[in-house]
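**Student:** fold the following for me, if possible:
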Amino acid sequence: MSRASTQPRPASRFLRARFNLIAFRSCPGRRVLALGGWLLLSLLLAPAANAVVGRWEKLDNAVLGEGYMDGDSFHIRHGNKNYIIRLYFVDCPESNEEFKDRNREQAEYFGVSPSRIVPLGNRASQFAKRTLGGKKFTVWTRWQDALGSSRQQRFFGIVMVGKQDFAEALVANGLARVYGASQVLPDGTTANQKFAKLRQLERRAKARRVGAWSKSKKEDTGEGWFELDGEPGAPPAWLDDDEPVGVYDGKWPNVPTVAFLRAEAFINAEQFEDAEIEMRKLVRRFPEHSQKARIEFYLALSIAMQERFEEAIERFQSWLKTWPDHVLAPDVRYWLPISHYYDGQFEKALPLFDKYAAENPMTIYAPEATYRAACCRYALEDYERTAEDIAAWLQQNPDHYFRHEAAIMRGDALGALGDLDAAKAAYHRAMIPEAGPFYYMALTQIARVHKALAEENDYRAMSADYVQFIKDMPNDGNVVDAAYHAGWALRQLGRQEQARTLYWQTIERYGNTPAWEGFDLMLADLATMYPRGADDYARELRSHYAKALEGQRLTLAARLSWAEAQLLPEDQQARSLAVFAGRFKPEYLGPETLLWLGRAWIHNGMPANGVPHLEFLLERFPDTRQVAEAQTLLAEQALDARNYPHALTYANAVLDNAAEIQFILEATFLRAEALQGIGRFDEAIADYNAILANRAAPRRLKPEALLGIGACLEARNEYAQAVAYYQRVYVLYGAYRAAVVQAYMRSGACFEKTNDRQAAINTYREFLDSDFSPGTAAAAQARQRIAALTGGKS
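**Tutor:** A predicted model of the protein is given here:
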């Protein structure tokens with residue numbers, strides 16, 4: 001289960017939740033797809049023989065094929081095969097009037113006349129032909145049937161031109177709507193995250209009035225695609241304007257006001273990327289605008305909301321120098337320390353918050369400024385002052401939005417000071433249903449205090465607190481975790497039977513919900529909680545399993561069947577895999593069961609059976625704790641297949657999201673191997689060195705890291721440097737026989753490449769005289785090399 005922290009954090013999702021929605025809206029005067037059937041038409045048109053429906057497959061060096069095409073659907077050639085690819089996530093205007101209802105629907109979406117749809121569709125087709133024609137690109141597909149009226153089967157896919165997604169290019173140029181089939185991307189990006197990015201590009205396309213968003217009949221050419229991503233040499237979006245400075249001078253005096261109100265609407269709608277573009281346009285077009293101070297404030301604010309804090313800080317500081325007595329000056333004096341705060345500059349933010357609160361005690365920002373000052377003190381480890389300030393703040397602001405979060409932070413500060421009873425009292429203030437997600441956060445923190453004290457009364461209180469949470473929040477996603485910890489506390493009190501009853505009640509009530517996790521931990525503990533051993537546990541499992549099957553609660557049944565399989569020896573577990581997989585469809589399985597199946601199939605030499613379960617886990621349960629291990633296993637499989645780019649994608653995904661140190665270290669090593677495989681040797685060496693430098697890294701990885709660095713140096717013809725790393729293997733890591741054998745042989749080979757024959761001979765002889773050579777194929781190879789180097793002498 002993930003654990004939240006009450007410590008102040010740099011820019012993150014927390015920024016949007018607090019900084020954006022709370023602070024700005026309180027500003028004075030502001031209102032503020034199912035898998036299709038498999039149709040085999042001919043050997044030429046079918047997917048590759050080893051393609052697996054539902055698994056991502058990468059088609060490198062694809063080219064545009066011959067045949068009908070439009071913006072989002074076209075023929076491609078890969079090898080000697082021809083496919084039709086239909087893009088995920090987007091839908092281009094139709095290029096004919098065969099389906100008039102669809103044309104009308106698209107016209108309504110874009111807010112244009114239906115007569116414009118076909119010309120726009122033709123423009124999208126031309127854009128696709130111009131962008132993809134004559135180039136090699138990459139296609140990712142899961143061989144998911146896209147249906148359609150074509151006689152040849154179409155497959156959904158993602159098309160990448162270099163590092164750019166072609167679907168994003170269509171949306172950015174107003175040539176597609178954000179609509180259609182979706183999937184979790186190969187790199188683990190969720191469908192919701194992808195749709196959010198596409199909608200951002202769509203908003204910008206609207207602001208730029210390109211493609212279908214242009215109100216003129218003249219069609220946009222679609223030139224400059226991807227310019228929104230900052231292509232070198234491209235003008236910024238706010239310069240994309242046909243109106244010269246001063247065009248309205250002396251003509252329509254209301255135009256600057258209307259333009260300002262339009263730009264301000266983006267601020268009120270929290271569309272800060274678009275707000276920045278519009279505010280920059282206003283500054284450029286109307287340099288003497290009557291609302292220039294407000295425009296510059298909004299510009300700095302929109303930059304801050306995009307988490308570009310350094311630039312925002314500079315703009316706020318410049319604003320205060322230019323308009324120190326403006327009516328908005330107090331607002332700017334608040335947003336300046338807020339930007340410092342979310343940039344992690346707590347020392348700079350603290351005095352500014354204190355000064356703001358002292359000079360503006362009656363503003364709506366004053367309570368938050370005081371609270372943020374306390375957060376800064378906590379981050380700077382001034383716990384005594386933090387506890388005092390938060391106590392006073394809570395008394396003065398008993399109904400403030402931050403009251404529950406503040407109570408937790410005060411508990412943390414008191415805990416750091418060793419005043420644990422006071423810390424518990426502080427946490428209890430947030431342990432109410434009205435606290436929402438802070439309820440469980442406070443519960444987690446107070447449990448740490450109970451565990452630290454380890455007294456009988458503390459275990460009783462801990463169990464009671466968790467049980468109360470379950471009663472208060474029966475539909476919260478943390479109830480399984482709460483039940484597990486309540487049972488743990490009961491077990492410390494020797495109340496095994498009560499803990500067992502609680503665990504089974506929780507499993508029965510919530511175990512049929514696939515997305516909820518934590519049952520594996522609970523079932524593993526249950527296996528140790530029967531006085532007469534595993535037989536009694538197995539009988540109870542079978543009883544609950546039969547009841548689950550009778551009630552058609554198949555997810556629960558699968559979890560119980562998995563738990564029973566854990567009782568079997570390894571060889572019997574392997575035999576049970578096929579039976580289990582045949583009995584339960586993947587759709588019924590929870591994340592822990594999918595991970596077990598994937599791992600077990602792989603460890604039993606059948607990765608083709610295991611990988612789809614791991615990929616399905618990533619697709620269906622992208623936020624569970626099993627994801628990091630699944631991605632690690634998939635990275636290992638990709639390395640075994642020498643698919644280094646795919647391995648790199650999975651390893652990076654683990655490093656971007658994993659919190660558990662063992663997965664971070666494993667992923668770092670796997671990323672090093674992937675980088676080595678694709679020839680990025682400097683980066684690979686840096687990752688290998690990170691493994692060597694980290695005391696927490698598994699010892700088995702360290703000789704492999706030394707071998708990896710040596711191999712990278714060899715690839716750069718730096719043989720003498722490589723030898724030094726190989727020698728460290730057989731000097732320091734004698735327990736790892738296979739690595740030592742490799743190190744001796746590679747070291748000898750490096751000496752040969754530097755023409756140091758005697759050193760090579762000595763290395764081979766040292767190996768033959770060691771305890772590592774008997775029975776190895778390398779021993780025969782070493783003798784051959786000695787014979788070759790000595791002219792046949794032993």
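
**Student:** which element is residue 141 on?
**Tutor:** Assigned by DSSP states H and E, residue 141 belongs to strand 137-145.

**Student:** that strand pairs with which strands?
**Tutor:** Partner strands and pairing direction for strand 137-145 (DSSP bridges) are strand 57-64 (antiparallel), strand 154-161 (antiparallel).

**Student:** and after the first one, which helix or strand comes next?
**Tutor:** Looking back up the chat, that one is strand 57-64. Using DSSP H and E, the helix or strand that follows strand 57-64 towards the C-terminus is strand 73-78.

**Student:** tell me the confidence at the residue most central in space within the chain?
**Tutor:** Most central in the chain under C-alpha atoms, centre = their mean is residue 657, positioned 5.3 Å from the mean C-alpha point. Predicted confidence (pLDDT) for residue 657: 78.

**Student:** wait, what's in contact with it?
**Tutor:** If you count contacts by C-beta atoms under 8 Å, 6 or more residues apart in numbering, residue 657 has them with 188, 627-628. Every residue, glycine included, has its C-beta placed from N, CA and C.

**Student:** could those residues be laid out in CSV, adding neighbour count and pLDDT?
**Tutor:** Below are these laid out as CSV (neighbours: other C-beta atoms under 10 Å; pLDDT from 0 to 100):
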residue, neighbour count, pLDDT
188, 21, 76
627, 22, 90
628, 21, 91
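
**Student:** and these as a markdown table, adding secondary structure?
**Tutor:** Listed next are those as a markdown table, based on DSSP: H, G, I helix; E, B strand; the rest coil:
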| residue | secondary structure |
| --- | --- |
| 188 | coil |
| 627 | helix |
| 628 | helix |
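
**Student:** where exactly do the strands run in the protein?
**Tutor:** 57-64, 73-78, 81-87, 90-91, 137-145, 154-161, 164-165, 177-178 (DSSP state E).

**Student:** chain center to stretch 616-631: distance?
**Tutor:** 11 Å (C-alpha atoms, centre = their mean, to the nearest Å).

**Student:** buried ones in that stretch?
**Tutor:** Within stretch 616-631, the residues that count as buried by 16 or more other C-beta atoms under 10 Å are 616-622, 624-631.

**Student:** quick one: end-to-end distance for it.
**Tutor:** From its first residue to its last, stretch 616-631 covers 11 Å (C-alpha to C-alpha, to the nearest Å).

**Student:** need the contact partners of it.
**Tutor:** With C-beta under 8 Å, 6+ apart as the test, stretch 616-631 has contacts from 1-2, 54, 183-184, 188, 190, 514-515, 517, 586, 590-592, 594-595, 598-599, 614, 634, 650-651, 653-654, 657-660, 663, 667.

**Student:** 6 Å instead?
**Tutor:** Identification of contacts with stretch 616-631 by C-beta atoms under 6 Å, 6 or more residues apart in numbering yields 184, 188, 190, 517, 586, 591, 594-595, 614, 650, 653-654, 658, 663.

**Student:** low-confidence bits of the stretch 651-794 of the chain, can you list those?
**Tutor:** Across the stretch 651-794 of the chain, the ranges flagged by pLDDT under 70 are 658-659, 792-794.

**Student:** mind listing what the nearest residue to residue 753 once chain neighbours are set aside touches?
**Tutor:** Excluding the flanking residues, the one nearest residue 753 by C-beta to C-beta, 6 or more residues apart in numbering is residue 719, at 4.9 Å. With contact set as C-beta under 6 Å, 6+ apart, residue 719 has these partners: 750, 753-754.

**Student:** which of the strands of the chain sits most buried?
**Tutor:** Greatest average neighbour count among those goes to strand 90-91 (a mean of 24), per mean count of other C-beta atoms under 10 Å.

**Student:** so what are the sheet partners of that strand and their directions?
**Tutor:** Strand pairing for strand 90-91, using DSSP bridges, gives strand 177-178 (antiparallel).

**Student:** can you give me the buried ones in stretch 208-216?
**Tutor:** 208-214.

**Student:** what two of those residues are the furthest from one another?
**Tutor:** Farthest pair in those (C-beta to C-beta) is 208 and 212. Separation: 11.9 Å.

**Student:** coming back round to it: are any of the contacts of stretch 616-631 buried, and if so which?
**Tutor:** 184, 188, 190, 517, 586, 591, 594-595, 614, 650, 653-654, 658, 663.

**Student:** could you dump those residues into TSV with distance to residue 256 added?
**Tutor:** Below are the buried ones among the contacts of stretch 616-631 laid out as TSV (distance: C-beta to C-beta, whole Å):
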residue	distance to residue 256
184	47
188	47
190	42
517	56
586	60
591	56
594	59
595	60
614	58
650	53
653	48
654	52
658	51
663	56
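
**Student:** re the thing from before, specify which member of the buried residues of stretch 208-216 is nearest to residue 130.
**Tutor:** Closest to residue 130, out of all of the buried residues of stretch 208-216 and judged by C-beta to C-beta, is residue 211, at 14.2 Å.

**Student:** touching, that closest one and residue 174? I think so.
**Tutor:** Yes. Look at residue 211 against residue 174 with C-beta atoms under 6 Å: they come within range, at 2.2 Å.
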